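>>> with the input below, show me the fold.
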Amino acid sequence: MKETVLLYNFNDKDRLMKIRQALLPLGFRVKTVGREDYGKPLGTLAGVKGMEELTEADHSGDGLCSDFDDEMAVLAGLTSSQVDSFIRTLRKKPTTGIVGKRYVRRQRRRVPSPPIQMISSVSS
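Predicted coordinates:
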């Protein structure tokens with residue numbers, strides 16, 4: 001699968017063009033996802049081989065196709081260093097408007113779990 005960046009809710013055409021230009025040297029496939037495609041599986045949108053599109057009957061009424069207004073980028077098939085390059089590239093270009101980062105990465109280190117309270121006796 002080719003490294004893919006799916007862009008949701010990037011409605012400012014000028015800003016979208018600047019983001020695409022900033023990402024061009026990285027060689028990622030950049031795809032803008034329209035509201036009509038929100039219910040489609042991410043694998044289908046990212047071009048994962050073997051993923052078949054769901055029909056309208058398969059996902060209608062399940063509550064998964066809700067609208068949202070925030071901009072979002074979904075990164076598919078990128079390594080950790082490519083994710084870092086993605087963020088670094090957008091931060092270097094102030095015209096893209098990306099100043100911070102908020103992303104989820106697969107956890108590689110153990111995170112301490114919250115303490116567990118032991119109950120010594122249970123009353124009926």
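
>>> when you work out contacts or count neighbours from here on, use the C-alpha atoms and nothing else.
Fine.

>>> for this structure, what spans make up the helices?
13-23, 42-46, 56-59, 80-92 (DSSP state H).

>>> from Lys31, how far off is Leu45?
As defined by CA to CA, to the nearest Å, Leu45 lies at a distance of 8 Å from Lys31.

>>> about what we covered before: for the helices of the chain, give me CSV that also has distance to Asp69.
Formatted as CSV, the helices of the chain follow (distance: least, CA to CA, whole Å):
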stretch, distance to Asp69
helix 13-23, 15
helix 42-46, 18
helix 56-59, 21
helix 80-92, 21
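
>>> returning to what we had before: neighbour count winner among Leu45 and Lys31?
When neighbours are counted by other CA atoms under 10 Å, Leu45 and Lys31 differ, and Leu45 comes out ahead with 19 against 16.

>>> which ones are touching the more buried one?
By CA atoms under 8 Å, 6 or more residues apart in numbering, the contact set of Leu45 is 6, 33.

>>> kindly state the pLDDT recorded for it?
Leu45 is assigned 91 on the pLDDT scale.

>>> gap between it and Leu90?
Distance from Leu45 to Leu90, by CA to CA: 22 Å.

>>> Thr44 too?
For Thr44, the distance to Leu90 equals 25 Å [CA to CA].
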